[in-house]
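Chemist: Whatever this is, show me its structure:
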Amino acid sequence: MESADITDHSEYKSWLRETEQKLSEHFDKTMLMITGGALALSITFVKDIIGSGKMLSGWLLVTSWATLTICLIIILWSFHLGLKAYREAQNQVDSGTIEDETPGGLFSKILNVLNTLSICLLSLGLISLFTFSYINLSKESTNGTATNKTTATTNKTNASPAPNTKQGSSVKGLPSAAAETIKVEKP
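Modeler: Okay, here's the model as predicted:
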């Protein structure tokens with residue numbers, strides 16, 4: 001009876017190791033994808049949306065770029081240290097010390113710190129980028145309304161002058177009652 005419990009337990013441990021490996025791979029890929037995508041998106045946003053216009057709260061963009069870039073560098077170091085941790089774990093298995101020590105040794109401990117730091121930096125970078133985008137998009141929509149009013153005013157002043165109408169006269173063939181309802185603006 002006890003041997004069946006040990007077998008089930010070892011299979012479960014094996015499954016846990018495989019799952020941890022898959023989650024680690026997905027974590028690394030997702031971190032790279034989100035961080036790289038956020039950097040690319042922010043550059044496109046500045047180029048296409050803001051263009052040569054005035055940028056508000058540029059320090060948020062710089063903060064975003066700095067934290068996302070540092071995050072990418074940390075992710076690359078995590079890959080490197082992950083390989084070293086796996087090699088160290090293999091050495092620990094070969095020497096029979098794997099049960100007595102942290103698998104991967106110091107490399108695993110540093111890797112855990114770097115992964116946590118990369119999540120924090122990615123979060124800060126995305127929050128900074130979102131805040132920067134929100135501020136500049138609300139500026140853009142406010143300026144868009146003002147631009148439309150300016151364009152409409154400009155179009156009115158560039159229009160050909162309307163004929164002077166006096167009460168009782170007609171405007172281009174309209175009876176005098178219709179002429180009274182039409183307001184003619186002078187340029």
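
Chemist: Identify the residues contacting stretch 47-57?
Modeler: 46, 61, 131-132, 135-137, 139-140, 143 (CB atoms under 8 Å, 6 or more residues apart in numbering). The C-beta positions use only the backbone N, C-alpha and C, and glycine is treated the same way.

Chemist: just the helices in the chain please.
Modeler: Here the chain has its helices, by DSSP state H, at 2-44, 58-95, 105-158, 176-181.

Chemist: for the second one, which positions count as buried?
Modeler: Of the residues in helix 58-95, 60-61, 63-65, 67-68, 70-72, 74-75, 78, 81-82, 84-85, 88-89, 92 count as buried by neighbour count, 16 or more other CB atoms under 10 Å.

Chemist: Just the CA trace of stretch 105-115, in PDB.
Modeler: Extracted C-alpha coordinates of stretch 105-115, given in PDB (Å, rounded to 0.1, in the frame of the first residue of the first chain):
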ATOM      1  CA  GLY A 105      21.900  27.600  -5.700                       C
ATOM      2  CA  LEU A 106      22.600  31.400  -5.700                       C
ATOM      3  CA  PHE A 107      21.600  31.700  -9.300                       C
ATOM      4  CA  SER A 108      18.000  30.600  -8.500                       C
ATOM      5  CA  LYS A 109      17.800  33.100  -5.700                       C
ATOM      6  CA  ILE A 110      19.100  36.000  -7.900                       C
ATOM      7  CA  LEU A 111      16.700  34.800 -10.700                       C
ATOM      8  CA  ASN A 112      13.700  35.100  -8.300                       C
ATOM      9  CA  VAL A 113      14.700  38.600  -7.400                       C
ATOM     10  CA  LEU A 114      15.200  39.600 -11.000                       C
ATOM     11  CA  ASN A 115      11.800  38.200 -12.000                       C
END
